[in-house]
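[1] Provide a 3D model corresponding to the input given below.
(4 chains)
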There are 4 protein chains.
Amino acid sequence: MTEIEIGRGKRGRRAYSFDDIAVVPSRRTRDPEEVSVSWQIDAYHFDLPVIAAPMDSVVSPETAIAFGRLGGLPVLDLEGLWTRYDDPTPLLAEIAALDPADATRRMQEIYAAPIRAELITERLGQIRDSGVTVAGALSPQRTQEFWKTVVDAGVDLFVIRGTTVSAEHVSSRSEPLNLKRFIYELDVPVIVGGAASYTAALHLMRTGAAGVLVGFGGGAAHTTRLTLGIHAPMASAIADVAAARRDYMDESGGRYVHVIADGGMGRSGEIIKAVACGADAVMLGAALARATEAPGRGYHWGSEAHHSLLPRGERVEVGALGSLEEILLGPGLGADGSTNLIGALKRAMATTGYSDVKEFQRVEVVVAPYQRS
Amino acid sequence: MTEIEIGRGKRGRRAYSFDDIAVVPSRRTRDPEEVSVSWQIDAYHFDLPVIAAPMDSVVSPETAIAFGRLGGLPVLDLEGLWTRYDDPTPLLAEIAALDPADATRRMQEIYAAPIRAELITERLGQIRDSGVTVAGALSPQRTQEFWKTVVDAGVDLFVIRGTTVSAEHVSSRSEPLNLKRFIYELDVPVIVGGAASYTAALHLMRTGAAGVLVGFGGGAAHTTRLTLGIHAPMASAIADVAAARRDYMDESGGRYVHVIADGGMGRSGEIIKAVACGADAVMLGAALARATEAPGRGYHWGSEAHHSLLPRGERVEVGALGSLEEILLGPGLGADGSTNLIGALKRAMATTGYSDVKEFQRVEVVVAPYQRS
Amino acid sequence: MTEIEIGRGKRGRRAYSFDDIAVVPSRRTRDPEEVSVSWQIDAYHFDLPVIAAPMDSVVSPETAIAFGRLGGLPVLDLEGLWTRYDDPTPLLAEIAALDPADATRRMQEIYAAPIRAELITERLGQIRDSGVTVAGALSPQRTQEFWKTVVDAGVDLFVIRGTTVSAEHVSSRSEPLNLKRFIYELDVPVIVGGAASYTAALHLMRTGAAGVLVGFGGGAAHTTRLTLGIHAPMASAIADVAAARRDYMDESGGRYVHVIADGGMGRSGEIIKAVACGADAVMLGAALARATEAPGRGYHWGSEAHHSLLPRGERVEVGALGSLEEILLGPGLGADGSTNLIGALKRAMATTGYSDVKEFQRVEVVVAPYQRS
Amino acid sequence: MTEIEIGRGKRGRRAYSFDDIAVVPSRRTRDPEEVSVSWQIDAYHFDLPVIAAPMDSVVSPETAIAFGRLGGLPVLDLEGLWTRYDDPTPLLAEIAALDPADATRRMQEIYAAPIRAELITERLGQIRDSGVTVAGALSPQRTQEFWKTVVDAGVDLFVIRGTTVSAEHVSSRSEPLNLKRFIYELDVPVIVGGAASYTAALHLMRTGAAGVLVGFGGGAAHTTRLTLGIHAPMASAIADVAAARRDYMDESGGRYVHVIADGGMGRSGEIIKAVACGADAVMLGAALARATEAPGRGYHWGSEAHHSLLPRGERVEVGALGSLEEILLGPGLGADGSTNLIGALKRAMATTGYSDVKEFQRVEVVVAPYQRS
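    A predicted model of the protein is given here:
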């Protein structure tokens, strides 16, 4: 670790973002057709190492099914519009049409509606009926209230996702969620995060999680830095958590906890760098919100955008670039890395001579800050 | 300290600005409601670790009272319009309406009026009558002339603020202010600055000051760098002065001198980073000038903007974003870190697991330069 | 090598682009007229150390002849329009006139036409008849299919050029090109690349190549980084490959393999830096596409711009600035480094006191990142 | 020196520009009125450490006199319009009115007129008659042809200025200027440059020069980097040459050679940083071309802008901001560092506690790259 003295009374590590690094070709090449990008977590196999983020602009029950059929793992937000309203479709249309000046306030109102347990059951049932792997996400704050509903609805994978999730939450008001006991008692594999450092991730791994989400703030890194001063440069965060995975595997006698990059991957180049830094899979938000089928209708937002007291993100216009299939599998529609994400991943792996995702985590990278012109 | 060889004949330290660093989440989290941001200096307690800068665009007697009631410490500029004119209100309105081309010249004229001792007494009395902690600021050049008036008017805290204030000023024309003797003889606690280095701050601490302002140029860092070539990157400056606080506490057998960041904190993220680097409190200018009640009416300026020979700043349009309460305590009106400053500070502390400001000075930070896109 | 820890689980080298470095004057100067920039590879001598890139926007049979007569080495793309169509002129005009929105799709169609062996023979024959050194380029994928046609047509230099070419390609579908045997059996000197690292280049040198192209992606570095996350900063890549040249010369008992920079040299300053880092010659694309005679008619594109599944570049408007002679030999038409490329190279060499290209590879450089304003 | 490995085959020093550094306040302050900025070289004393660059847009015989009377040292370009034409005034007006597209070509024509020895005599005589210190500049190429005329005309200081001037120029066409013998035999003190490195400057000092100009390309650094790839970051260059001054003083038994920064100082902040890095005086071009009296009439250009084969600069519009006196001595007209240059220098010295220019060379600086927003 490069420790830097900021001033006499403070030191900090130098940390790197995706823009700071690049993959470099090596001495071997390979046919793109011979590259595998499949991914397996617990008993579940996926053709693509891609998780659709639990965000209303990305995953509806319908797009969950479509995304699962294309080979990825969709996660429904169980605290979003689909579990608050019988039919959120008109509200999604309204959000997409909001004037920017009113967007934050109106979204705060829309999301003030209560979460209804029976809708959790119904939405997950709809996905289950399609044969696609079923996954739903709760925030740590809501997990105690709704986890039983979720498990009874029959999820295959349970996701606990917040801006920061720690293995040790301090609260005097209520009994905080004891992650270790919760995961131990649950019969379903749990993916949990975000975590952004070696120690935080190691503690989460020790709770028994099957996978750890790496990141902070999911899609609102820019505004999070402005408002909270907090920033977890992704290349460093993933590489740190990958080291925790290795150390925990040693400490646990062989448990392999999946490292899932979550945030900052709007282009295929960033997905590739995430894997190069050690990710087993990636959770995508904005990149998938650009699909013509996406429920966000060309807009993308996270839950921090409608926080009642401290909104830290905004509804962002991302456009509708092509079908979900074109975005994932191509053919590419332009040269900006927003379509054919998997084709690009395969080509990067082939160009550098690697044949699967796990191997590609060893690819050589350089530090060469990217100058936006 | 990272010493860099600029060339064979010159070395310099690498210094860091707020934009160069970020706070990182750790392995623990906490409820935002359980976080305390209260601050105590000498006998005075404040709910918020925030000082309103002695600038005409920020503090009038009226906003001083409002700001004090919200929990902060307001400081009136005793060399500003309120001590030069019986009623400066029309002049504040005129300044806000000035054509940019004429602003510097006209402000030079307006500020050429003499300071009147009786107005110092009157303005401070008005604040005192409200029950709010009374604080007024003089420049080092004017301290000898007016300090007695200020003390007689009954201030609780005395602020001596210049672009740079040193413990040792050399002048052959007049007897320079002997800070050490002055502070020793004064019955009132003194906050003094700006200082931007370990040594300068340590010398100020040895004069007996209760607090040291860290910074240079208050709000005009950009133009100060252009005109004077002088720049004190804030993250490094605060961390240096925090080390001086620690060393002086040891040397003095336990005197704790408060480190107050002054300048460059226009967004909540920067306030948070200031504390992370070691600040006990922050002095805000532009951030508060954005209040609808602010006397600047959407504009902000410092005394360097109307310097008669070497103007080094400008009247800047900052807008009027929301009430002083919204700016300090929320609810947040957008995601850019300019409203709900304290809510953001509390959330950053909670997200990283800290419960008070002093503890949060230990939070982990990374060096990761921020690329403005 | 400066190895940097990106995070605990990943390290990477710091790599430098042309923008990161600059040549510095030394204690000696020289008359520009006494500087030689001639270049010899195998039996072929050139007045200028410049190769015209095998791209349809740069080299047609006609401009190949003109470029050869000015002293450089032109390379015809044997997989471009000239070997797919009897008369590609109308298609070149059409491409130049395409609406940006349609360009990628229409170019994909145009380039879908099959390559015809007899056109390879005809085009190379036309160049041969002019007396200019004959060189043609194939991609590694097509080399086995067409190499015999090319050799029979009588090339002097054979170029194998892809985004990345490795000495060891893994494929289970077809027998991959065995470069070492291929080059050994061929009677014609081979230039091969791109390679971007010491190891990759060393392996290519061991195949018997006469020259190695250094670079990746030829002209589309920006989009390659976005889509594939791959980037080979040129200053570091050339310096690495130059070290491989030195080590291979030692290992082989004296074989000197030419290092040819390929990509990122749109201005004379970058050509100069390429030589300063160790290049023996430069392969230019965009810089020559700016000639009024260039077949691209003010536009420039590479084969990655019309890739059927994963387009990674775009047709770029470069303008038509001056004659090929003005671009290479001046007189300069402006101060932006896009004309009189060779005059600038000679002046840089004279200003720093060097008399030939090989010597100038030792010139002192500084690392001083260039801030685009 | 921080040596960086660019790649395995090339190393380079990290070098710093003015934008990379800043002066920091220290523990002492001083009254601006008690600061001296006077400068003495050989027998000549100046109130201001400022030389007006020998450029047609800056110095005419008339502005030389005005500038000298304000306390600086003006240098007339003896290869400019004033020694080629009886009355260049209409040509200066024409240049200021040229369409940007035609400027380079037309300036090449205008400057093609021959230099006339009798005009050298006449122009220098006019300055001499005013009582101002007389200085004229020739390029190294023309020095042998015209030096006798210049000396006979009675100059006080002789300036030899080129983009790079070395103590050892190699030419087989003509006998190059032997600087050492030339300076030895001349009765007049010589200022020579530009030099940009320790070694180059040390060699120039050994020729007997009274002063060395530090820089490269005077005012066209940006385009020089684009066209020639050459760049000498000024902070590092000055600090290197200052070290050569110290070492040469030791080696020569006490000869003090003046270090004169030449280039890149458009704002007062940069003048201040030049001194902070070790400069005894500064040579200004653009900064003075902004005077209403300047012969450039709001435009500025150097001789490289009308080079017949390789133009490397351009006529730049700098505007006419204020009188020469306002630019040098104030009062300041804005906050951008382009007026009251000396006032700003004095204030920077006072703020950091220094009392003369030589002392201020020791001021503390930090490395903190300036991010243009």
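[2] for stretch A:291-309, which positions count as buried?
    Buried residues in stretch A:291-309, defined by neighbour count with 16 or more other C-beta atoms under 10 Å in any protein chain shown: A:291, A:293-307. Placement of C-beta: from N, CA and C, glycine included.
[3] please read the previous query as pertaining to stretch A:91-107.
    By neighbour count, and taking 16+ other C-beta under 10 Å as the criterion, the buried residues in stretch A:91-107 are A:91-92, A:95-96, A:98, A:103-104, A:106-107.
[4] can those residues go into CSV with extra columns for distance to chain C, pLDDT and secondary structure?
    Output for the buried residues of stretch A:91-107, formatted as CSV (distance: C-beta to the nearest C-beta, whole Å; pLDDT from 0 to 100; DSSP: H, G, I helix; E, B strand; the rest coil):
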residue, distance to chain C, pLDDT, secondary structure
A:91, 33, 97, helix
A:92, 29, 97, helix
A:95, 29, 96, helix
A:96, 24, 95, helix
A:98, 29, 94, coil
A:103, 28, 89, helix
A:104, 30, 87, helix
A:106, 34, 93, helix
A:107, 31, 93, helix
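[5] between all of those, which two are separated the most?
    With distance counted by C-beta to C-beta, no two of the buried residues of stretch A:91-107 lie farther apart than A:92 and A:104, which are 16.6 Å apart.
[6] now the host helix or strand of residue A:275: mean pLDDT?
    Taking DSSP states H and E as the definition, residue A:275 sits inside helix A:268-277. For helix A:268-277, the per-residue pLDDT values average out at 97.
[7] elements contacting the next helix-or-strand element following it?
    Per DSSP H and E, the first helix or strand lying C-terminal to helix A:268-277 is strand A:281-284. If contacts are counted by 3 or more C-beta pairs under 8 Å, 6 or more residues apart in numbering or on different chains; DSSP states H and E, strand A:281-284 sits against strand A:50-52, strand A:258-262, helix A:268-277.
[8] what angle do the second one and helix A:268-277 make?
    In this case it means strand A:258-262. Taking axes from the mean of the first three to the mean of the last three C-alpha atoms, to 10 degrees, strand A:258-262 and helix A:268-277 form an angle of 150 degrees between their directions.
[9] what's around residue A:21, how many residues?
    The burial metric for residue A:21, expressed as a neighbour count using other C-beta atoms under 10 Å in any protein chain shown, is 29.
[10] distance check, it against residue B:367.
    Taking C-beta to C-beta, to the nearest Å as the measure, residue A:21 falls 16 Å from residue B:367.
[11] contact residues of the stretch 51-200 of chain A facing chain C?
    Near chain C, the residues belonging to the stretch 51-200 of chain A are residue A:198 when assessed by C-beta under 8 Å from any C-beta of the partner chain.
[12] tell me where the stretch 51-200 of chain A has strands.
    Listed in chain order, the strands found in the stretch 51-200 of chain A under DSSP state E, counting those that start in this stretch are A:73-74, A:76-77, A:135-138, A:157-161, A:168-170, A:190-195.
[13] right, and the ones you listed - which one's nearest residue D:337?
    Comparing the strands of the stretch 51-200 of chain A by C-beta to C-beta, strand A:190-195 comes nearest, at 44.7 Å.
[14] just give me how far the helix holding residue A:275 sits from the chain centre.
    Put simply, helix A:268-277 sits 13 Å off its chain's centre (C-alpha atoms, centre = their mean, to the nearest Å).
[15] that helix and chain C, are they touching?
    Yes: judged by C-beta under 8 Å from any C-beta, helix A:268-277 comes into contact with chain C through A:268-273, A:276-277.
[16] and stretch A:12-27, by the same measure?
    Yes: using C-beta under 8 Å from any C-beta, stretch A:12-27 reaches chain C at A:14-16, A:18, A:21-27.
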